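Participant: A structural model of the following input is requested.
(one chain, ligands or ions: 1)
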Amino acid sequence: MTHHYQLATAYLPQGWVRDAIVTVSAAGLITKVALDGAAADGSRPDDEGTEAAHGIHRIDGIVVPGIPNAHSHAFQRALAGSAEYRTSERDSFWTWRDAMYALANRIEPDDLEIIAAQLFIEMLEAGYTSVAEFHYLHRQRDGTAYGTDNGLWDAIAAAARATGIGLTLLPTLYQTSDFGGAPLKREQARFRLETDQFLRAVQNRVAAQSRDGANLISTGAAFHSLRAVPYEVLREATLALRDVDPALPVHIHVAEQIKEVECCRRETGHRPIELLLHSGLLTQSWCLVHATHATPEELRGIAALSATVCVSISTEANLGDGFFDTPRFLAEHGRLCVGSDSQSTVSPAEELRWLEYQQRLRRRRRGVLASGTEPHVGTRLWRDAALHGAQAIGQPVGAIAVGRRADWLVLDHQHPSLAGAAPDTVLDHLVFAGAERAIRDVMVAGQIVVRDGRHRGAPAVREKFAALMQRLALPLPPIAAGEAANA
Ligand SMILES: [Zn+2]
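Facilitator: Here you go, the predicted structure:
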């Protein structure tokens, strides 16, 4: 059934608009946006009430697009907060990774479904309305491959369906433990995926998707990194994926760590992003995740291709990765999106806030990421993360506009965090002043999944998640003797 909504205040591509009437199809797509107060069938809303006589629902809050989460590893939600102590003076990304592997090797499909459901609820309540799941857990705990149905992949899709979040599942190729074709380590055995199996699975999923017309769950593909996928394999697989769908989203972790950049240069003669740029394989369907240690030339090259970069600043900060040069990338008209990655933070507002704060602290200036045409930093960052996130995950979301899905947030305009806010500053309040607490309702594909700040499934999932976390009892790395004495 088609629905008409009158949005009291909304952020549309043309800016802040009052009383737009938005028509949403039964499939959850926006089919018309009328700015003159008339719906597609010519009916007009009543002056009062949320359900008008002519079938137009009036939404009194402030409506803004939901944010696509362009990079997530759902299972890592079970580690968030548990690896924040020092095990030795050499703690780094690489030692955190050992703790993450210990977790990865304990999880069964049923566990993953509970973890993902809890996480997706947290995402929806925080304003992420869709997610690209960069999924590299493929095998059973003993290393045996699953049959035609991969229980772990199905668990992610089941959690997305149950919670109502949009999902782009990215089956992720992972074959080596380092550059030069180093074999996987024992603790990485569950990540292994053969190239033909990977291509077949992506192809089957894409074919199934067009058959049943489902638009909430779609498929892309990912290469874990250049250290986990030999370059020749990446090249051939990319060409094969083009035959499946030239617009298929393709993601890769790249240049997150200095050690990775150096190993790549030693092995191939090129830095990782340089290698990808020279390969001629990159298109605007690619999303480079992190790109932390990119050179100015590399940033220019990515921007010129209109590929996206996903910065997950909360994870990059948490793991001590380094600084992405956001101002330079934006000055090149680079397309930036955000993701929750390791799930230490699940909040688009916080990701965007720290993109700007990192620069303010470094430059001792304010308003660094505003643009000539958009002086409001919060507005600029939210708008871009929504649009470019949509590009990265390959779904028609990211704006309240015809042809896009009705994925939006309704902010409570009477919430203290928005009190007295001029419409122009609403997204600034959302990013910088705690107005994420004002997210009242969340709609995905025209369905309300969060009402009055709570997801309908939250209580039941929360109980299962708490029980699971007790049961998992993660074996975390021990603290070195000298460190304990310092504590
Ligand atoms: Zn990641």
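Participant: from here on, contacts and neighbour counts on C-alpha atoms
Facilitator: OK.
Participant: in the protein, which helix or strand is least confident?
Facilitator: Among the helices and strands of the chain, helix 481-486 carries the lowest confidence by mean pLDDT, DSSP states H and E, at a mean of 51.
Participant: separation between the residue nearest to the spatial centre of the chain and residue 118?
Facilitator: Central residue of the chain (Cα atoms, centre = their mean): residue 69, 2.0 Å from the mean position. Separation of residue 69 from residue 118 (Cα to Cα, to the nearest Å) stands at 15 Å.
Participant: now swap in residue 232 and tell me
Facilitator: Taking Cα to Cα, one finds residue 232 at 38 Å from residue 118.
Participant: more crowded one of the two?
Facilitator: residue 118 (26 against 9; other Cα atoms under 10 Å).
Participant: from what I can see the more buried one touches residue 463, true?
Facilitator: No: Residue 118 is beyond contact range of residue 463, at 9.6 Å (criterion: Cα atoms under 8 Å).
Participant: How many neighbouring residues does residue 269 have?
Facilitator: The local packing of residue 269 (other Cα under 10 Å) involves 12 other residues.
Participant: so where do the helices sit in the stretch 51-200 of the chain?
Facilitator: Listed from the start of the chain, the stretch 51-200 of the chain has helices (DSSP state H, counting those that start in this stretch) covering 93-104, 109-126, 151-163, 195-212.
Participant: Pick the most buried one from those helices.
Facilitator: Compared across the helices of the stretch 51-200 of the chain, helix 109-126 shows the largest average neighbour count, a mean of 24 (mean count of other Cα atoms under 10 Å).
Participant: Quick check: closest non-adjacent residue to residue 142.
Facilitator: Nearest-residue entry for residue 142: residue 190, 7.8 Å, with adjacent residues in sequence omitted and distances by Cα to Cα, 6 or more residues apart in numbering.
Participant: Tell me where the model's unsure across the stretch 101-250 of the chain.
Facilitator: Scanning the stretch 101-250 of the chain with the threshold set as pLDDT under 70 gives 210-214.
Participant: what does the stretch 351-487 of the chain give?
Facilitator: Residues of the stretch 351-487 of the chain that meet the cut-off, pLDDT under 70, sit at 475, 481-487.
Participant: repeat that with 50
Facilitator: Applying pLDDT under 50 to the stretch 351-487 of the chain flags residues 484-487.
Participant: so how far is the helix or strand where residue 302 lies from its chain's centroid?
Facilitator: With secondary structure defined by DSSP states H and E, residue 302 is part of helix 296-304. From the chain centre to the centre of helix 296-304 is a distance of 22 Å (Cα atoms, centre = their mean, to the nearest Å).
Participant: which residues touch that helix?
Facilitator: Contact with helix 296-304 is made by 273, 274, 277, 308, 328, 329, 332, 333, 334, 335, as judged by Cα atoms under 8 Å, 6 or more residues apart in numbering.
Participant: Find the nearest non-adjacent residue to residue 206, please.
Facilitator: Leaving aside its sequence neighbours, residue 206 sits nearest to residue 219 (Cα to Cα, 6+ apart; 6.2 Å).
Participant: The one you found touches residue 205, doesn't it?
Facilitator: Yes: using Cα under 8 Å, residue 219 is in contact with residue 205, at 6.6 Å.
Participant: Please verify my assumption that residue 99 contacts residue 476.
Facilitator: Yes: counting by Cα under 8 Å, residue 99 touches residue 476, with 5.8 Å between them.
Participant: shared neighbours, those two?
Facilitator: Here residue 99 and residue 476 have residue 83 as joint contacts, going by Cα under 8 Å, 6+ apart.
Participant: quick one, phi psi at residue 20?
Facilitator: phi -70, psi 140 (degrees, to the nearest 10).
Participant: got the contact list for the closest residue in space to it that isn't next to it in sequence?
Facilitator: Spatial nearest neighbour of residue 20, chain neighbours left out: residue 35 (4.7 Å); criterion: Cα to Cα, 6+ apart. Contact analysis of residue 35 by Cα under 8 Å, 6+ apart lists 17, 19, 20, 21.
Participant: do residue 111 as well
Facilitator: residue 468.
Participant: Could you rerun that using 10 Å?
Facilitator: Shown in contact with residue 111 (Cα atoms under 10 Å, 6 or more residues apart in numbering): 75, 78, 117, 152, 155, 464, 465, 468, 469, 472.
Participant: Check the spacing between it and residue 471 real quick.
Facilitator: 10 Å.
Participant: Next, show the common contact partners of these two.
Facilitator: What both residue 111 and residue 471 touch, as defined by Cα under 10 Å, 6+ apart, is the set residue 465.
Participant: Determine the three-state secondary structure at the closest residue to residue 377 other than its chain neighbours.
Facilitator: Take residue 377 and drop its neighbours on the chain: the residue closest to it by Cα to Cα, 6+ apart is residue 370, 4.6 Å away. Using DSSP: H, G, I helix; E, B strand; the rest coil, the structure places residue 370 in coil.
Participant: So residue 377 is in contact with residue 431, correct?
Facilitator: Yes: with contact defined as Cα atoms under 10 Å, residue 377 reaches residue 431; the gap is 8.7 Å.
Participant: Spell out which residues are contacts of both of the two.
Facilitator: 352, 353, 356, 425.
Participant: ok, the second one - contacts?
Facilitator: Read that as residue 353. With contact set as Cα under 10 Å, 6+ apart, residue 353 has these partners: 313, 347, 377, 378, 381, 382, 428, 430, 431, 432, 433.
Participant: In TSV, list the residues you listed along with neighbour count.
Facilitator: Converted to TSV, these look like this (neighbours: other Cα atoms under 10 Å):
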residue	neighbour count
313	27
347	25
377	23
378	26
381	26
382	25
428	23
430	25
431	25
432	19
433	15
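Participant: Those residues in helices, which ones?
Facilitator: Among the contacts of residue 353, the ones falling in helices (DSSP state H) are 313, 377, 378, 381, 382, 428, 430, 431, 432.
Participant: element containing the residue nearest to the first one when sequence neighbours are not counted, please.
Facilitator: Think residue 313. Nearest residue to residue 313, sequence neighbours excluded (Cα to Cα, 6+ apart): residue 351, at 6.0 Å. According to DSSP H and E, residue 351 maps onto helix 348-363.
Participant: Repeat that for residue 318.
Facilitator: helix 313-319.
Participant: Show the subsequent helix or strand relative to that helix.
Facilitator: Downstream of helix 313-319, the first helix or strand assigned by DSSP H and E is helix 326-331.
Participant: Sheet partners, orientation included, of the following helix or strand past that next one?
Facilitator: Later in the chain than helix 326-331, the nearest helix or strand by DSSP H and E is strand 335-338. Within its sheet, and counting by DSSP bridges, strand 335-338 is paired with strand 308-311 (parallel).
Participant: contact partners of the strand it pairs with?
Facilitator: If you take Cα under 10 Å, 6+ apart as the criterion, strand 308-311 is touched by 69-71, 251-254, 283-292, 299, 302-303, 323-324, 326, 329, 334-341, 351-352, 355, 385, 388-389, 391-392.
Participant: That strand - what's its average pLDDT?
Facilitator: The pLDDT scores in strand 308-311 average 98.
Participant: sorry, back to before: what comes up buried for the helix holding residue 318?
Facilitator: Neighbour counts over helix 313-319 (16 or more other Cα atoms under 10 Å) mark 313, 314, 315, 316, 318, 319 as buried.
Participant: Could you identify the most distant pair in those residues?
Facilitator: Maximum pairwise distance in those, criterion Cα to Cα, is 9.7 Å, between 313 and 319.
Participant: ok so, going back, only alpha carbons, please: show the helix holding residue 318 as PDB.
Facilitator: Only the C-alpha atoms of helix 313-319 are listed here, as PDB (Å, rounded to 0.1, in the frame of the first residue of the first chain):
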ATOM      1  CA  ILE A 313      37.700   6.700  13.000                       C
ATOM      2  CA  SER A 314      36.500   5.200  16.300                       C
ATOM      3  CA  THR A 315      38.200   1.900  15.300                       C
ATOM      4  CA  GLU A 316      41.300   3.500  13.800                       C
ATOM      5  CA  ALA A 317      41.700   5.500  17.100                       C
ATOM      6  CA  ASN A 318      41.000   2.400  19.200                       C
ATOM      7  CA  LEU A 319      43.600   0.400  17.300                       C
END
